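Chemist: Got a predicted structure plus its sequence, pasted below:
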Amino acid sequence: MHAIEVCNLKKSYTQGENALDSISFHIPQGAIFGFLGPNGSGKTTTVRILNGILSPTQGSALVYGQKVTANSQEIHRLCGVMTETAASYENLTGWENLDFFGQMHGLSKTEIKNQSEQLLYSLDLYESKDKKVKAYSTGMKKRISLARALLHRPKILFLDEPTSGLDPESAQNVTQMVQKLAIEHGVTVFLCTHQLKYAEDICTLYGFIHKGNMLGFGTFQQLLQEKNSTIYLELRGDSIPPSFTPYQNANKIYKIPITGDTDASQILQGILKQGGQVYEAKQIHWGLEDLYFAYQRGVSHEISTKSNDL
Ligand SMILES: Nc1ncnc2c1ncn2[C@@H]1O[C@H](COP(=O)(O)OP(=O)(O)OP(=O)(O)O)[C@@H](O)[C@H]1O
Ligand SMILES: [Mg+2]
């Protein structure tokens, strides 16, 4: 059984306009799924439907085999959600917030205490647990929201821009926590973010969405293959024979398309044999940003590596 199954899901908020236009995909348990797309592409709408907060106009969505429209109590038990805007009661302390939401989930007093202590420690909030949330910084509010989302040990964790507003230390802490949850506890993570570098570090599966349509879905390698991505050998040198150098993007910096390691080695040997000088050489592969733009723009994308990365 898949953790999430979405089939021909459609959502129109206003007549004639589809925020989601018949999207379909499925996510296996334990995946860290990066749902990536520009503003207004339909990410939050999808998350809200999967959480049973919003009804779809057409199509179906299942969470661990449960229809999201049929059994909202069970869906709330299975899912933990950290929304775009951190949502906690501002006039309650961090500890009181967790106590309140723990009770809402029907957890015992001991469970609430143990889980809250553990989460507050791991999210570096223990010292501030007795302060009112209105006195928290943006990053602290985000972290207490994450603690709240994890309190009832959900099987699926939805994160809508989890690291925006976090300092680098907290962002790293949250990333490590999310990876640990997926790897050690089999929690499925559904991540919406605009931070492609962050997604690349953490995700095992990707979906690219644009104006309510899925443009691509799969692992990084599967998505690369679909776009026939190119590898380049980027080198800095002198007297490079012209037959080897279709692109020269800066003084003495050359970019040569290659098929892999053997090709790279043969090209370098060929250049040296013909009297060329090679000072530095590096293979440049597509990153998530190149892949994202290849799908979003529907065209192959010139690698964004700067020449001084050599
Ligand atoms: N409550 C609403 N009423 C009407 N239209 C809405 C509503 N919520 C979202 N929309 C529209 O649905 C589309 C998708 O919005 P959604 O919030 O799902 O995008 P998103 O991908 O999460 O964007 P962002 O990256 O900015 O968070 C947009 O065109 C948006 O204007
Ligand atoms: Mg959104």
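Modeler: Received, thanks. Ligands and ions are numbered 1, 2, ... in the order given.

Chemist: where's N173, which helix or strand?
Modeler: helix 168-185 (DSSP states H and E).

Chemist: For that helix, buried residues please.
Modeler: For helix 168-185, the neighbour count (16 or more other C-beta atoms under 10 Å) marks S170, A171, N173, V174, T175, M177, V178, L181, A182 as buried. Every residue, glycine included, has its C-beta placed from N, CA and C.

Chemist: neighbouring contacts of it?
Modeler: Helix 168-185 is contacted by residues 30-32, 122-124, 139, 142-143, 146, 150, 157, 159, 162-163, 166, 187-189, 191, 198, 201-202, 204 when judged by C-beta atoms under 8 Å, 6 or more residues apart in numbering.

Chemist: which of those residues are buried?
Modeler: 30-32, 122-123, 139, 142-143, 146, 150, 157, 159, 162-163, 166, 187-189, 191, 198, 202, 204.

Chemist: which residue packs closest to Y279, ignoring adjacent ones?
Modeler: R236 (4.9 Å; C-beta to C-beta, 6 or more residues apart in numbering).

Chemist: Can you show me the helices along the stretch 51-200 of the chain?
Modeler: 72-78, 94-104, 109-122, 138-150, 168-185, 196-202 (DSSP state H, counting those that start in this stretch).

Chemist: For the stretch 1-150 of the chain, what lies in contact range of ligand 2?
Modeler: K43, T44 (C-beta under 5 Å from the ion).

Chemist: How are the strands of the stretch 1-150 of the chain distributed by residue range?
Modeler: 4-11, 20-27, 32-36, 58-63, 66-67, 79-82 (DSSP state E, counting those that start in this stretch).

Chemist: can I get the ones you listed in a markdown table with distance to A281 and mean pLDDT?
Modeler: Output for these, formatted as a markdown table (distance: least, C-beta to C-beta, whole Å; pLDDT from 0 to 100):
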| stretch | distance to A281 | mean pLDDT |
| --- | --- | --- |
| strand 4-11 | 43 | 97 |
| strand 20-27 | 39 | 96 |
| strand 32-36 | 31 | 97 |
| strand 58-63 | 49 | 96 |
| strand 66-67 | 54 | 94 |
| strand 79-82 | 43 | 93 |
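
Chemist: Might you calculate how far stretch 51-71 sits from the centre of the chain?
Modeler: From the chain centre to the centre of stretch 51-71 is a distance of 22 Å (C-alpha atoms, centre = their mean, to the nearest Å).

Chemist: For it, give me every contacting residue.
Modeler: So stretch 51-71 is in contact with 1-12, 18, 20, 22, 24, 45, 48-50, 72, 74-76, 78-79, 81, 155-156, 158, going by C-beta under 8 Å, 6+ apart.

Chemist: Stretch 67-84: end-to-end distance?
Modeler: 24 Å (C-alpha to C-alpha, to the nearest Å).

Chemist: my bad, stretch 184-200
Modeler: 20 Å.

Chemist: Which part of the stretch 1-150 of the chain gets nearest to ligand 2, residue-wise?
Modeler: Proximity to ligand 2, evaluated over the stretch 1-150 of the chain using C-beta to the ion, is greatest for T44 at 3.2 Å.

Chemist: for Q115, what are its contacts?
Modeler: Contacts of Q115 (C-beta under 8 Å, 6+ apart): L98, G102, L107, L150, L151, H152, R153.

Chemist: and those, which are buried?
Modeler: So, by 16+ other C-beta under 10 Å, the buried ones in these are L98, G102, L107, L150, L151, H152.

Chemist: what's the fourth one in contact with, if anything?
Modeler: Neighbouring residues of L150 by C-beta under 8 Å, 6+ apart: G80, Q115, L119, L157, L181.
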